[in-house]
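>>> Have a look; sequence and predicted model below, questions after that.
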Amino acid sequence: MKPLSRRWRASAAVLAVALVTTALSFTMLDPAGAAPLGAGSYATSRPAGGAAPVACAGISGNPRLYVTANAPAGPVPTNDWWSSLLYKRDNVGCQFSAPLHAHPMSFQPAADGLGVSYTTTATVSGTPTTVGEYHYPYSREFTLGVAGLSSPDVKVDGWSDWTVSPYWSGAGRTLRTTIGHGLPFVYAQVTGGDAVLSFPSTPAVWVNSGNRVGFTMRGHDYVAFAPTGATWTVSGTTIRSTLAGRGYLSVALLPSTTSTPAAERTALADSYATYAHRHVTGTTVSWSFNQATSTVNATYAVTTTAREGSGGGTVLALYPHQWKSLAGGTPITPTYVSARGPMKALVGVSSFTTAMRFNGVLPEVPAVATSTGADLTTLGGLLDQVAGGDPLAGVGNDTYWTGKGLGRAARLAEIADQLGRTAQRDRMLAAIRTRLTDWFTASTGKTQRVFAYDAAWGTLVGYPASYGSDTELNDHHFHYGYFIAAAATLARFDPQWASQSQYGAMVNLLIRDANSWNRADPMFPFLRDFDIYAGHDWASGHAAFGAGNNQESSSEGMNFANALIQWGIATGNTAVRDAGLFIYTTQAQAIQEYWFDSSDTNYPAAFGHSAVGMVWGDGGAYATWFSGEPEMIQGINLLPITGGSLYLGYRPSYVNTNWDEMVRNNGGQPTAWQDVWWSFRALGAGSGDAALAALRANPGYAPEDGETRAHTFHFVRNVAALGTVDTTVTADTPLYAVFSKNGARTYVATNVSANPLTVRFSDGRTLTVPAGRTATTGAFTWSGGGGVANPPTDQPTDPPTSNPPTSNPPVASNRLFVRSAGALSTSAGAGAATVTLPAANGNWDGTPHNQATFALCGLRGQVSGTTAFSLQVDAGGAVGQGIQARVSYDPSGSGAFGRTETYHYFATDPVSGTEVYTQAAGLRASTGALAAMTGGCVRLELWNAIGNAPTTVRVDATAAEGRQSTLTVPFTLS
């Protein structure tokens, strides 16, 4: 179910400062027309019955009521850490704002100036096994103002990528401040009176010398810097300065503590003093993708204006996701406390750069274990159950639930394509095309399934709206991410529909609304939903909570980012692709730090949880807006499960930690969203088989609203076979993944272009992927396409052999059954039997030893695809066993095997019952190249590479018996 993420239902800690909403009335506007865009269109005003964004209680209209003439022209930002300055939902006459959690400081505007807070002790509620939360709440330590200032409100005088400049004017005085993420300085300009720092109690002043005054409140050290030649006067609970008539100052928070020696504190103050009058006046981010190294580089730059003297640079405090990926520069040792964990400061910099590894995404995980045998039958049956009718029938008509339905249909289309079920695939694609085309077409009087542009707010709202996506501008990235992802799937099969002259421009319009990649976009703000410096999305458009902005479903934010990558690649739009890569890679790091705290370093110790359901500006909550069930508190940050969800498995041991907490808090296995949880668990260290077993044991479970049994079985079954995500190896294409199981890697890549693609992996492996196909080492998916997987150049290879197998009649199928008496055949056997492989009693990895050989000759046909096999093997209760396979091809039947492929051995488990050994174990070595078969032969050799006990391979099984051992040869045979 959708998180009711912005309803006014909060915990006690938030309710203390939560806002009171007033019954709203809206003027219903009839459409003035539709603006064409390609073959599509959008409404230029709200449809009848459509609600508008609400800037203040009972007031809808222009957010520029709350900005000055100096503010940048164009659309105003929303969904930011400071957005309540514009929305004015502070329940104080629409005057000021809710607290602004910038980190390391928090702020609260009031009539007399800017309240400043630095909270270093968390307030924790609940227990480690119950709903609970932690906050570093705003608690005023002083107010920076102007003597005599009494402003009726605060407006926004300017903003940049991660700063904002509030502005006060009243009683002949003005105050302008600049605050921002990562800024340990507050910069200020005043007119009409002395600068005043006012305190709730007497501060401890530890230095007052010339233009500098240092003081401590609640154990936190600050230094205020007036212009050169000015002085400070300390009197009780006020500190003030005439500023020598020059009108500017700054206040710095030092990263010192009560245990910091006085000399060290003074040294910090001296260091910061160099930059006190180099006011930050602009911030910008830029990013690039190094495809060869699969690295996203992001540079965070500040512009400073020297109020006196010359020179640049400042002090910047970095969040954990930034300093852990810092590409150059050394932070100072003292750190700041924040709701996101320790922040480390760089002193004297104008910019810094992060370098983050991108570990790939896929349109869908490959069918390495569901393309043959009983699992293919199971998956096919599940697909038949849901792919026969309209996959969007019965879904909600609003943007969120329409999106969920589109996402569900896209997953089914991907699976059907992998299985070669083109009719089912095309039925799904037709449903997606019809529904998207409807939404992307506006007309006079249309009130349903229509997008309308609001010029005042610079936003595109889909009607029917839901969860405040209209009145509060909530969740646009959540809703539209599903639309864009479905469009990306459609684009690969119907590029004409996705062209800019048809409906591609409408897809780009949705992207631009949620997170425009163009900072000069005339219609939408730059990266609306993505907090550039914090590294993650915010869901609330107004952010007007005491705890700041918030977001539950980080995973739906990642669904949006993945959709940009897929859409950008499918349509050749590199700018969209790279924006998606920046958001995806940055947010993947932020999720590990702030939603998961997988390093166990960021949450306060008393909180006790290993994950949060919601991140707040001042903390986090083991809670949701809509449920107190652990499956949903933690699960809302897992769905939807797609080929872009592999980031959830970057730290496989943490997957198990997260799962264990859910089970512990739930009092047992999940009873809600089981499919989502099994898919997540499959990514855990050694947990894939357990997830698959749970899925098989519970066939009657209720699918999550965005899931189907077909997709869950496909994902869990194949990830269980592939193993865990291997983040140590990268590739030179964005559409890739590497998995590892039992020490063997499987390499996966997708090619959506019209030409073959050779993918190079960082460990030397290469993979040639045909046009429009997904390839894995040893197998291919998507309509039976083929390709060539090559080992690293330094891998050993096996020598060719000249033992030809017994000749058999020509065949017409490339799927061969492993039979007794050393045969391969196009027909299955009459009843299951086993062939015993003698114990290795040594290490025979890569070298056949006491092997069982199966062969077939008389083959004719052209090369198409690559080798695949599904071998049912069993070691009984023996431990430490490894079965290995080699497949050889003799194109003419002369006895000269021109192509030999040796696969990594398969480590069996010590549990009686067959396991499936497939090509997913990975190609260990190969010699030669495939060539057309002209009466040629194929040979399969199996042996124990390691272990001191015999093992068996199941042969001769009938279709009814299932668990058939098969070999698929890479030829179109005749």
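Great, that's in hand.

>>> quick one: contacts for the residue nearest the centre of the chain?
The chain has residue 558 as the residue nearest its centroid, 3.1 Å off, counting by C-alpha atoms, centre = their mean. With contact taken as C-beta atoms under 8 Å, 6 or more residues apart in numbering, residue 558 is in contact with 584, 587-588, 591, 644-645, 647. In this view, the C-beta of every residue, glycine as well, is placed from N, C-alpha and C.

>>> what mean pLDDT would you report for the host helix or strand of residue 376?
Using DSSP states H and E, the element containing residue 376 is helix 373-386. For helix 373-386, the per-residue pLDDT values average out at 94.

>>> Can you name the element that comes right after it?
Next along the chain from helix 373-386, counting by DSSP H and E, comes helix 399-418.

>>> angle of that following helix against helix 373-386?
Put simply, helix 399-418 runs at 140 degrees to helix 373-386, going by axes from the mean of the first three to the mean of the last three C-alpha atoms, to 10 degrees.

>>> For helix 399-418, name the packing helices and strands.
helix 373-386, helix 422-439, helix 476-493, helix 709-722 (3 or more C-beta pairs under 8 Å, 6 or more residues apart in numbering; DSSP states H and E).

>>> Could you point out which of these sits nearest residue 315?
helix 476-493 (31.7 Å; C-beta to C-beta).

>>> name the helices or strands packed onto that closest one?
Short answer (3+ C-beta pairs under 8 Å, 6+ apart): helix 476-493 packs on helix 399-418, helix 422-439, strand 459-463, helix 504-515, helix 554-571.

>>> Would you mind giving these as JSON lines with distance to residue 371 added?
Converted to JSON lines, those look like this (distance: least, C-beta to C-beta, whole Å):
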{"stretch": "helix 399-418", "distance to residue 371": "7"}
{"stretch": "helix 422-439", "distance to residue 371": "15"}
{"stretch": "strand 459-463", "distance to residue 371": "38"}
{"stretch": "helix 504-515", "distance to residue 371": "31"}
{"stretch": "helix 554-571", "distance to residue 371": "22"}
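
>>> Am I right that residue 85 sits in a helix?
Yes - assessed with DSSP: H, G, I helix; E, B strand; the rest coil, residue 85 lies in a helix.

>>> helix/strand/coil for the closest residue to residue 512 other than its chain neighbours?
Closest residue in space to residue 512, ignoring its immediate chain neighbours: residue 524 at 4.8 Å, by C-beta to C-beta, 6 or more residues apart in numbering. Using three-state DSSP, the structure places residue 524 in coil.

>>> hang on, isn't residue 524 packed against residue 511?
No - checked against C-beta atoms under 8 Å, the pair residue 524 and residue 511 is beyond contact range at 9.3 Å.

>>> quick one, which of these two is more surrounded?
residue 511 (26 against 23; other C-beta atoms under 10 Å).

>>> where are the low-confidence patches of the protein?
Scanning the chain for pLDDT under 70 picks out the ranges 1-32, 57-61, 89-93, 778-812.

>>> can you pull the contacts of the residue nearest to residue 512?
By C-beta under 8 Å, 6+ apart, the neighbours of residue 524 are 75, 458-460, 512-513, 516.

>>> Those residues into CSV, with extra columns for neighbour count and distance to residue 216?
Formatted as CSV, the contacts of residue 524 follow (neighbours: other C-beta atoms under 10 Å; distance: C-beta to C-beta, whole Å):
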residue, neighbour count, distance to residue 216
75, 22, 42
458, 24, 44
459, 24, 45
460, 21, 49
512, 21, 47
513, 26, 46
516, 22, 44
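
>>> Reformat the residues you listed into a markdown table and put distance to residue 731 next to each item.
Below are these laid out as a markdown table (distance: C-beta to C-beta, whole Å):
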| residue | distance to residue 731 |
| --- | --- |
| 75 | 37 |
| 458 | 38 |
| 459 | 37 |
| 460 | 35 |
| 512 | 29 |
| 513 | 32 |
| 516 | 29 |
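
>>> What lies in contact with the host helix or strand of residue 272?
Residue 272 is part of helix 262-273, with elements assigned from DSSP H and E. Applying C-beta under 8 Å, 6+ apart, the external contacts of helix 262-273 come out as 184-185, 206-207, 212, 214, 221, 223, 225, 252, 254-256, 260, 315, 332, 334, 347.
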